[in-house]
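Enquirer: Sequence and predicted structure below; questions after.
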Amino acid sequence: MAFPYRSQRDINMSNTPLLELSGINKIYKMGQIDLQVLYDVSLHIYNGDFVSIVGPSGSGKTTLLNIIACLDRPTSGTYNFFGEDVGLKSNDEMSEIRNLRIGFIFQSFNLIPRHTALENVIMPLHYSSRFKNSSFKDLGLECLEKVGLSERVGHYPNELSGGQQQRVAIARALVTNPEIILADEPTGNLDSKTSDDIMELLKNLNKSGKTIITITHDNEVAEQASEIIKIKDGRVI
């Protein structure tokens, strides 16, 4: 088995990893053909890490993100989330992890056009009984303030710039106070100046204690994280 990726926090601290993947393989059935996308991937990520997973298109990084996000299951290997084996979780339990414990940021923002910025931000709260309806607005406003959009709460996505839409998406990812933020090509649709602003926001969130994993093919974006995992042809290199 390959040696697992070890973050600086892994080296310096002895606490339990937030995420621990060991010997992860992923094979897709394509008719009579088995297409292997991940090969024996092992890595540890700790609370408070800021990690970029970088690799070219087709390298397996999105498949790895989907497994980390509990959107997909590995063909073999183990994935522990807060010390619990995700492989033993039911689909409903995996859905609960996705809804409450992981925040998602997408390249294409994935905002609902007919909803205001505030309405988009509080959308995840509707899918959990943990939060009271009376708290939705206050939580949404607090998150929009964190990303610097307090004056845009009533604006619709088509009234916002690309950078502002991504800030709304980041606020939405924060609203359930998840343990981890997963960002899939978060600057892919943005110009260089706006990309720098978004990465600076993610770095500030990390400094405040959030664990962040970004997926990117852009080395300049990856280098803004504190740790980099390189993946090629389905293998961590």
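Expert: The structure has been received and is ready for your questions. Being a predicted model, the structure only gives us computed values, none of them experimental. Numbering: from 1, shown residues only.
Enquirer: can you pull the contacts of the closest residue to I24 other than its chain neighbours?
Expert: Leaving out its chain neighbours, the residue that sits closest to I24 by CB to CB, 6 or more residues apart in numbering is G77, at 3.8 Å. Yep, even glycine has a C-beta here, placed from its N, CA and C like the rest. By CB atoms under 8 Å, 6 or more residues apart in numbering, the contact set of G77 is 21-25, 40-42.
Enquirer: again, but for S128
Expert: Contacts of S128 by CB under 8 Å, 6+ apart are 99-100, 176.
Enquirer: I'd like the residues you listed laid out as a markdown table, including pLDDT.
Expert: Converted to a markdown table, the contacts of S128 look like this (pLDDT from 0 to 100):
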| residue | pLDDT |
| --- | --- |
| N99 | 86 |
| L100 | 88 |
| T176 | 91 |
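Enquirer: among those residues, which are in helices?
Expert: In helices, judged by DSSP state H, none of these are found.
Enquirer: top of those by neighbour count?
Expert: Within the contacts of S128, most neighbours by other CB atoms under 10 Å means T176, with 21 neighbours.
Enquirer: Any figure for the gap between that residue and A183?
Expert: 16 Å (CB to CB, to the nearest Å).
Enquirer: for I229, what are its contacts?
Expert: I229 makes contacts with 5, 43, 51-54, 236, as judged by CB under 8 Å, 6+ apart.
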